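> would you be able to build a 3D model of this:
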Amino acid sequence: MEHGLLWLPLLAAFFWLAWQGSQEYQKIEAYRTWAEQFDKAKYDIYAVLGKKGNSITWGKPTPQGPIKLETFSLDDVQEIRLLVDEKVVDTNKLPEKGRTIELEFVFPAAKSVRVPFTEVPLAAEWGKYLHSQLKSG
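You can find the predicted model right below:
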């Protein structure tokens, strides 16, 4: 009986991990359906982002689909900055990691929009891409 009680927490941990994996899979599948409408899209655990034409839409991924969606136009963006730990970072001199990684979209007369990322290189790649679209648009 003692051995059974020792395995009980391990069994509970296994079921919890299986449930978490199922939730993440459902998020990815919901994102995949949502992303079909965009020219370019990204998914990570913090945010989804999609670009169609000059419109940027972003929100929070959930198993039922993205929520808290916001849309804005690149035409209205004055500047795009990469922030790592609340500091502006040069995309040519990237830090290896940071606690908070965000792309900040600065508007002339309104507050800025910050889209979170999990990885510095991914955020830098998106920043460069959107910055090139900003110049060409």
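
> which helices and strands does the helix or strand harbouring residue 81 pack with?
Assigned by DSSP states H and E, residue 81 belongs to strand 79-84. Judged by 3 or more CB pairs under 8 Å, 6 or more residues apart in numbering; DSSP states H and E, strand 79-84 is in contact with strand 101-106, helix 120-136. Yep, even glycine has a C-beta here, placed from its N, CA and C like the rest.

> which of these has the lowest mean pLDDT?
Lowest mean pLDDT within these: helix 120-136, a mean of 86.

> show me which residues of that one are buried.
120, 123, 124, 126, 127, 130, 131, 133, 134 (16 or more other CB atoms under 10 Å).

> run through who's touching it.
By CB atoms under 8 Å, 6 or more residues apart in numbering, the list of residues contacting helix 120-136 from outside reads 40, 42, 44, 49, 51, 54, 56, 74, 77, 80-82, 84, 89, 91, 94-98, 101-103, 117.

> with stretch 64-80 instead?
Contacts of stretch 64-80 (CB under 8 Å, 6+ apart): 26, 30-31, 33-34, 48, 54-60, 103-108, 113, 127, 130-131, 133-134, 137.

> can I have the buried ones of these as a PyMOL selection?
Command for PyMOL, covering only those of these found buried under the criterion 16+ other CB under 10 Å:
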select buried, resi 30+31+34+48+56+57+58+59+103+104+105+113+127+130+131+133+134
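
> mind checking how far the residue positioned nearest the centre of the chain is from residue 65?
Geometric centre of the chain, nearest residue: residue 47, 3.0 Å, by CA atoms, centre = their mean. For residue 47, the distance to residue 65 equals 14 Å [CB to CB, to the nearest Å].
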